[in-house]
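# Make a model of this:
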Amino acid sequence: MSPKAQSLCVLCGSKPGNNPDFAKAAADLGRIVGKARIRLVYGGGTTGLMGEIARAALDAGGEVIGVMPRFLREREVQQEGLTKLILTETLTERKLMLTQLADAIAVLPGGFGTLDELTEILSWRNLNIIQKPIVVIDIQNFFTPFFALLDHCVKTDFSPSKIKANYKVVKDPSAVLAAAQLTR
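The predicted model follows:
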């Protein structure tokens, strides 16, 4: 039996979105992770959902590691007070580092960058490049269209039906640690 995970990578938007429930969910997850003393690994920014989760985890006494490509350092504005900031050269290196530093991965709403990260880690999981738990936090049914597209890919034989077994879906941040098999 493998040891219990101690770190969670959270992929999420660098913007807040237009629904306050998104920011609330990010802050709630940050507090939960921080209080549980589970290390948060995320994109390193201070804006949007990224900033919400990092600030909440730090305020709860948690350890927070940011991973950011050098060229985004000014655009995303790095979060102050991080336990550690790791700079990468490319977005691809960022994704790899984020997943390497974490024992499980959670995904909150976000834009193209977040969807790119989610589809890549699902591809890696499908190819057995990673075996880490992946948890999608479907706040206000944000990911429903994405799941419909995955169903369509399976229906049209572009993806195996087992793809759905590669991730879990929760509706509330309070369910993330259990779904990700993390200890409190």
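# moving C-terminal of the lowest-mean-pLDDT helix or strand in the chain, what's the next helix or strand?
Here the helix or strand of the chain ranked lowest by mean pLDDT, DSSP states H and E is helix 73-76, holding a mean of 69. For helix 73-76, the following helix or strand on the C-terminal side (DSSP states H and E) is strand 84-88.
# got the CA positions of that following strand in PDB?
Output of strand 84-88 as PDB, limited to C-alpha atoms (Å, rounded to 0.1, in the frame of the first residue of the first chain):
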ATOM      1  CA  LYS A  84       8.500  28.600  -2.600                       C
ATOM      2  CA  LEU A  85       8.300  29.900  -6.200                       C
ATOM      3  CA  ILE A  86       9.700  27.700  -9.000                       C
ATOM      4  CA  LEU A  87      10.300  29.400 -12.300                       C
ATOM      5  CA  THR A  88      10.100  27.400 -15.500                       C
END
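# contact partners of it?
44, 65-70, 73, 78, 94, 97, 101 (C-beta atoms under 8 Å, 6 or more residues apart in numbering). Where you see a C-beta, it was placed from the backbone N, CA and C, and this is true even at glycine.
# Nearest to Asp116, out of those: which one, please.
Nearest to Asp116 among these is Arg94, at 10.8 Å by C-beta to C-beta.
# now whichever strand or helix holds Ala27, how far from the chain's geometric center?
Secondary structure from DSSP H and E places Ala27 in helix 20-35. Centroid displacement of helix 20-35 relative to its chain, using C-alpha atoms, centre = their mean, to the nearest Å, is 12 Å.
# strands paired with the very next helix or strand once past that helix, and their directions?
Going down the chain from helix 20-35, the next helix or strand is strand 39-42, by DSSP H and E. According to DSSP bridges, strand 39-42 forms sheet pairs with strand 7-11 (parallel), strand 64-69 (parallel).
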